[in-house]
Every structure is written in structure tokens, then in C-alpha cells.
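[1] no sequence for this one, just the structure:
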């Protein structure tokens, strides 16, 4: 305990300050978290594969020794965390939510995991995902359904549903997640957390699963505060020669008030009225911090994006399956159907999609000449029943499979950074979140603006 707070509830800075003062050790923090996992995880199904207990104990002892000797490796030394199950961590099964990979135990860490572990942080285990991380809720045939800690009848979203359920429940103060179409930003909106989707290449990647979403998917931090997300980002960000997209120069945060384009809805697509009211109030908070807020329409062609988006995933999944003969008996039939749609795409059609991607990226350069950031809701619907793939109705209107997710995928297609932040909950207490999107490379500026918002909201 620190004061009246159990160790499992502490953030990164409180944990490491406690280690440094000798008030408690990494082993004490891990014991508290493991007790919490044993108590809460059976109802939530967030953590699906624990790390080896002997390795956790050895790493905790090593960290404690460094803290006693005044040689801590940095602000993450001894901090427990979890890893989404589509990111590889050495010695821990990586299933990608599929029976196809249920026996795959990687021999190396994927680069961001290696960086966090080199900073002294301790992997506690892997968190649940939808199969192949291609859906906006979290359930699969291998591990079952993950539930929202705020209401266990409902979903925490996806595909980082296990990751957000773990962080909000106290299974470590942060998690590493992935975002290929909103898979960090929407789940943090459904659970009241903070999540950063970095610019493409800002967090170098290699030694992982094959990509199925072109270059859209990035690894980013999920945490309870902007400060903690920034601490993790500082460790995982940076170039690596094996990831050429990571070799662009790092950009410093740009201080001062920002011109923010507030886009409350995309065309006539439905948005839950409670979400609209909550996000409008968050825009007012940012306005009160001195930012210039202009309300407007979505600044790109939604139709082109909607036509290109489903083709990318279908083609990528078909390519993945071609690497694994005999996969048919091991995967959910709906993904076999998706892959067949991908195989039917011609080369000219796919090249049209690639050109649409590049056209969007070029168009966003022009958009950010007249505005600094874009603000939208992160979600169009409140959390829905946990075992259902999507809410069929939003605000009484038919929404379709991607209706709840309309605000996020374009950011990935454009390669831009975005941060998901919590705003006022619904009348029933369900979390709601919004996103701030910046120009390519503006990750640290987003964190600075988000930190100002976080500070104002938490100050009451």
C-alpha cells in the first residue's frame, strides 16, 4: 500500500518513486498485481497467457537490486506491464487470437517490447485480441470473450480489448497495444483510458507477425494518464535500420495554442447523442485552455476511404493464409470468407487502393496547412454486448459493421498520429472518449496538448 491505495492501482511515477524511497519493491508491486489478476481476471478474461513466474521473479529481483544501488535504468525500471497478443514477447505464446498460432512461442522480443524490457520493465503476460486483430470487439475461438470492467455484460472494444481491460483493472499501469484502424483509440474510449497511435515509423517495428493492413498498424502505449503514456512512448519511440519508415527525423513538441478543427460527425453517419454532448464539452475544455476551435466537416473524401478500407484487410488476410497451408480447419469461417474476397481482388484494383492511400496522405498535408490538430469523437456508439461484433443500431438508425468505428480508420490510412483521451461518461456511467489527430510526426505535440487537457480535467 502507498497511503490508502493498493500497489496495483499506482501509476508509473508512484511505483518508481516508491522503489527509489525503499517503501516497497518491484516484487511487492507484482505480488499485489497478481493478487488483483487472480481476483478480477476470471470475470473479464483480459490476460490470457501469463509470463513465466520464475522469469518475473528474477527480473523483479534484478530491478530491486538496481534501485537499492541507485542504478535504476530509468523511469520504467521494475514497472509491470502487459503485451497485446499480436505483439511478440520472447518465451510467451503469441497466438494472434487464433488456433493457427496457439503453439507459437517466439524466441525473440518484437522491437518495442525489447526496448521496454531493456528499460527494466517487466512483462506479466499477454492480453486477449479478436482473431487476427481485425474486428472492433474482443472475442475469439481460442480464448473466448473479453469483457468491459465498467460493465461485464459489455465489450471493451477491440482489437486492444484485453489490453485496456487489463490496464483499467490494475494489471499493470500500462500496456503495449496496436492500432491498425482505431484499435487503441476506440478501446481506450470504452474504458476511460489514454492511448497513443503514433505516426507510421515513429515506433520502429521488426521481428513480428506479418502485416495484414498494409503499413497502417503501429504499436503504441495504453495507460491511465497522459504522463504515463508519454513515459512509455519516450522508451519505445525511435528509429531502427530494419524499419526504413522509422528513419524520418524526430520532431520536438511545438508549444503554444493550437488551431483545432472540431469535426463532430462524418457526413450523416449516426453518433450516439451522449457521445456528441460529451465530446463537445471536451472541445470546450480545450477552448478554455486557449486553443482556437473551429467546427467543420470532415476534410477528406469519406467515400474513397470507405471503398478502399475493406480491400486492404481482405488482401492482407489472403496473403497471410497463403503462408499457412491447412489453415482452413483452424480459423473462424468468417475469416476464410474474408480471405476469399481478398483473393478476388485484381492487381489493378489493389494498385488503385494504394494510390487512394497515397492520395489521402498528400491531401492531409494540405489540410494541416490551415489547421494544427483535428478533434473528433473516437467512437460513434457506447459499449455494446460483449459477444456481439458490433452494435447494429446507433441513435436508432442502422449502422452496419463499421458504423461504431467511422472516426478512426482514416487516421491509420493517412499514417498520422492521434491520441485518445477520456471525456465525461454517459448517464449510465459508461466511458466516452475523443481523439486529437496531428500532422505526420507531431506525436510529441499531441502529447503536450493532451497533457494540458489531462491536467485541467484532473484538477477539477
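    Nice, I can see it. All figures in this text were calculated on a predicted structure; none of them were measured in a lab.
[2] in the chain, which residue is most central in space?
    Closest residue to the average C-alpha location of the chain: residue 184 at 2.1 Å, with Cα atoms, centre = their mean.
[3] can you tell me the closest non-neighbouring residue to it?
    Leaving aside its chain neighbours, residue 184 sits nearest to residue 195 (3.9 Å; criterion: Cβ to Cβ, 6 or more residues apart in numbering). Backbone N, C-alpha and C define where each C-beta goes, glycine included.
[4] just to be sure, residue 436 is in a strand?
    Yes - when DSSP: H, G, I helix; E, B strand; the rest coil is applied, residue 436 is found to be in a strand.
[5] picking that back up, wait, is the residue nearest to residue 184 part of a strand?
    Yes - assessed by three-state DSSP, residue 195 belongs to a strand.
[6] that one contacts residue 182, correct?
    No - using Cβ atoms under 8 Å, residue 195 is not in contact with residue 182, being 9.9 Å away.
[7] all helices for the stretch 351-460 of the chain, in order.
    409-414, 443-458 (DSSP state H, counting those that start in this stretch).
[8] now distance to residue 381 too, for those helices, in CSV please.
    Formatted as CSV, the helices of the stretch 351-460 of the chain follow (distance: least, Cβ to Cβ, whole Å):
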stretch, distance to residue 381
helix 409-414, 15
helix 443-458, 23
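[9] how about these, which one is nearest residue 435?
    Closest approach to residue 435 among those is made by helix 409-414 (7.4 Å; Cβ to Cβ).
[10] got the contact list for that closest one?
    Identification of contacts with helix 409-414 by Cβ atoms under 8 Å, 6 or more residues apart in numbering yields 179-182, 185, 197, 213, 216-218, 300, 302, 305, 308-309, 357, 360-361, 364, 402, 418, 435, 437.
[11] in ChimeraX, how would I select the buried members of the residues you listed?
    Typed into ChimeraX, the line below selects the buried ones among the contacts of helix 409-414, using 16 or more other Cβ atoms under 10 Å:
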select :179,180,181,182,185,197,213,216,217,218,300,305,308,309,357,360,364,402,418,435,437
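[12] run through the strands of the stretch 51-200 of the chain in chain order.
    Per DSSP state E, counting those that start in this stretch, the stretch 51-200 of the chain carries strands over the ranges 80-84, 122-127, 139-140, 144-145, 174-179, 194-197.
[13] pull out the buried residues from the helix or strand that residue 307 is a member of.
    For residue 307, the host element (DSSP states H and E) is helix 302-322. The neighbour-count check on helix 302-322 (16+ other Cβ under 10 Å) flags 304-306, 308-309, 311-318, 320-321 as buried.
[14] stretch 67-80 now?
    67, 72, 73, 75, 76, 77, 78, 79, 80.
[15] residues contacting the residue nearest to residue 184?
    160, 164, 177, 179, 184-185, 187-188, 220-223, 229, 419-420.
[16] again, but for residue 205
    So residue 205 contacts 110, 111, 112, 218, 219, 243, 246 (Cβ under 8 Å, 6+ apart).
[17] name the next helix or strand downstream of the helix holding residue 307, please.
    Following helix 302-322 in sequence order, the next helix or strand is helix 333-343 (DSSP H and E).
[18] if you average pLDDT over that following helix, what comes out?
    Averaging pLDDT along helix 333-343 yields 98.
[19] who does it touch, helix- and strand-wise?
    helix 302-322 (3 or more Cβ pairs under 8 Å, 6 or more residues apart in numbering; DSSP states H and E).
[20] just checking, what packs against the helix it packs on?
    Applying 3+ Cβ pairs under 8 Å, 6+ apart, one finds that helix 302-322 contacts helix 333-343, helix 347-370, helix 409-414.
[21] now do 6 Å
    With contacts defined as 3 or more Cβ pairs under 6 Å, 6 or more residues apart in numbering; DSSP states H and E, helix 302-322 has these neighbours: helix 333-343, helix 347-370.
[22] low-confidence ranges in the chain?
    1-3, 460 (pLDDT under 70).
[23] please report how far the residue of the chain most remote from its centre lies from residue 403.
    Within the chain, residue 69 marks the point farthest from the mean C-alpha position, 35.1 Å out by Cα atoms, centre = their mean. The gap separating residue 69 from residue 403 is 55 Å, by Cβ to Cβ, to the nearest Å.
[24] and for residue 319?
    Residue 319 is 27 Å from residue 403, by Cβ to Cβ.
[25] thinking again about what came up before, going through the contacts of residue 195, which ones are buried?
    160, 164, 177, 179, 184-185, 187-188, 220-223, 229, 419-420.
[26] picking up where we left off before, out of the helices of the stretch 351-460 of the chain, which one sits most buried?
    helix 409-414 (a mean of 25; mean count of other Cβ atoms under 10 Å).
[27] for it, what is the distance to the chain centroid?
    Here helix 409-414 is found 14 Å from its chain centre; the criterion is Cα atoms, centre = their mean, to the nearest Å.
[28] ok, now which ones touch residue 129?
    85, 86, 97, 159 (Cβ atoms under 6 Å, 6 or more residues apart in numbering).
[29] do the same with residue 278
    423, 424, 432.
[30] inside strands: which ones of those residues?
    423, 432 (DSSP state E).
[31] by neighbours, which of the contacts of residue 278 wins?
    Neighbour counts for these, by other Cβ atoms under 10 Å, peak at residue 432, which reaches 26 neighbours.
[32] burial of residue 404, as a residue count?
    30.
[33] also residue 334?
    Neighbours of residue 334 using other Cβ under 10 Å come to 12.
[34] swap in the one 4 residues further on?
    Residue 338: 21 surrounding residues under other Cβ under 10 Å.
[35] can you check residue 370 too?
    Residue 370, neighbours per other Cβ under 10 Å, totals 10.
[36] ditto for residue 255
    Quick note: residue 255 (other Cβ under 10 Å) scores 10 neighbours.
[37] what's the nearest residue to it if we skip its chain neighbours?
    Nearest one to residue 255, counting by Cβ to Cβ, 6+ apart, is residue 448 at 6.7 Å.
[38] cool, and residue 305?
    residue 410 (5.2 Å).
[39] list the contacts of the nearest residue to residue 404 once chain neighbours are set aside.
    Distance criterion Cβ to Cβ, 6+ apart; nearest residue to residue 404, sequence neighbours excluded, is residue 381 at 4.1 Å. Residue 381 makes contact with 272, 391, 394, 404, according to Cβ under 6 Å, 6+ apart.
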